[in-house]
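Asker: Provided below for reference: sequence and predicted model.
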Amino acid sequence: MEIASFNVNSVRVRMHGLPVWLKEAKPDIVCLQEIKTVDENFPTQAFEDLGYNVAVHGQKSYNGVAVLSKLPFEEVNPRLPLLKSSDDADEQARYLEVVVSGKTGPVRIASIYLPNGNPAMEDGVPSAKYQYKLDWMARLKSHAQKLLTYEEPLILAGDYNVIPSADDVYDASLWAGDALFLPATHAAYNAIKWLGLTSAYEQVDGRAHQYTYWDYQRGARPKNHGIRIDHLLCSAQAIDHLKSVRIDDYVRDREKPSDHVPIIGVFDL
DNA sequence: ATGGTCGACTCTCGA
């Protein structure tokens, strides 16, 4: 089973390049982020014509996640649970979890669009946006902890808006105060991983440093000023069946590209 | 020479 994560930065603008890549790469599951549309305007039919089942959790203008799957969905669960019922309802569409049946049983996969959080500071204190990011990461940790008790293959795939280490950015010194690279961001990310999740890309030995995102501005792509922020976090039952992982960065040089590129994990599941 | 991005939607924000 090949499982991909791809932040498309508006699904409707990507409807020339995205189907081309799907036909080339033929992933079984694709977790999309930043679809930037409500469910009713998602191009469901176009993906069904390519052989995919479609699950969408959309939002007007911003955010929005979806999952395309060649296998039928056994479960579709939008939204990350709130930590306390007293918390305000979360209107931001950033989480969509599905279950499909693999060769040896259920495989649980989530499409995640973790908040960016910039600007991190405002008037010398953490901004509301950065606090929302940290709170959201706490919610993700709590939910992941619950999902791990199922002892199933679990892949939390998405745009984490986290640069895990200085090796994952072209110049770490320029990112020191950024919400994607702050110590509190790393702490929250590591707390999720330490529950028992392994990043598929980091599991593979001998990999070259590769990025998954290049800004549209300042010639970032030709200068290779990228960052690695799209990740596949895997339970033991998933990582034990990981065969390979790759980043299809060539799509960044095509017409009308997203600023992100797909990351794909190949699992014997 | 001194600007150089994109997308959704409104005339500005978010990334």
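Answerer: It's in.

Asker: average pLDDT across stretch A:80-97?
Answerer: Confidence over stretch A:80-97 (mean pLDDT, whole number) is 85.

Asker: please save the CA atoms from that stretch in CSV.
Answerer: Only the C-alpha atoms of stretch A:80-97 are listed here, as CSV (Å, rounded to 0.1, in the frame of the first residue of the first chain):
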residue,chain,number,x,y,z
LEU,A,80,-9.6,16.3,16.1
PRO,A,81,-11.4,15.9,19.4
LEU,A,82,-11.3,18.8,21.8
LEU,A,83,-9.3,18.3,25.0
LYS,A,84,-12.1,19.5,27.2
SER,A,85,-15.8,19.8,26.4
SER,A,86,-15.6,23.4,27.8
ASP,A,87,-13.3,24.3,25.0
ASP,A,88,-14.7,26.3,22.1
ALA,A,89,-15.7,24.3,19.1
ASP,A,90,-12.9,24.3,16.5
GLU,A,91,-14.1,25.6,13.1
GLN,A,92,-10.8,25.0,11.4
ALA,A,93,-10.8,22.0,9.1
ARG,A,94,-7.4,20.4,9.7
TYR,A,95,-8.0,16.7,10.5
LEU,A,96,-9.6,13.8,8.6
GLU,A,97,-9.1,10.2,9.7
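
Asker: touching DNA strand B at all, it?
Answerer: No - counting by CB under 7 Å from any atom of the strand, DNA strand B is not contacted by stretch A:80-97; separation bottoms out at 8.4 Å. Using the backbone N, CA and C atoms, a C-beta is placed for each residue, glycine as well.

Asker: over to stretch A:33-49?
Answerer: Yes - Stretch A:33-49 is in contact with DNA strand B by CB under 7 Å from any atom of the strand, via A:36-37.

Asker: how about stretch A:117-128?
Answerer: Yes - part of stretch A:117-128 sits near DNA strand B under the criterion CB under 7 Å from any atom of the strand, namely residue A:118.

Asker: show me the residues around the closest residue to DNA strand B within chain A that make contact.
Answerer: Closest residue of chain A to DNA strand B, CB to the nearest atom of the strand: residue A:10 (3.0 Å). By CB atoms under 8 Å, 6 or more residues apart in numbering, the contact list for residue A:10 reads A:34-37.

Asker: and residue A:109, that one's in a helix?
Answerer: No - if the criterion is DSSP: H, G, I helix; E, B strand; the rest coil, then residue A:109 is strand and not within a helix.

Asker: what about residue A:259, distance to residue A:61?
Answerer: 17 Å (CB to CB, to the nearest Å).

Asker: neighbour count for these two, which is higher?
Answerer: Neighbours were counted for residue A:259 and for residue A:61 using other CB atoms under 10 Å; residue A:259 has more, 18 against 9.
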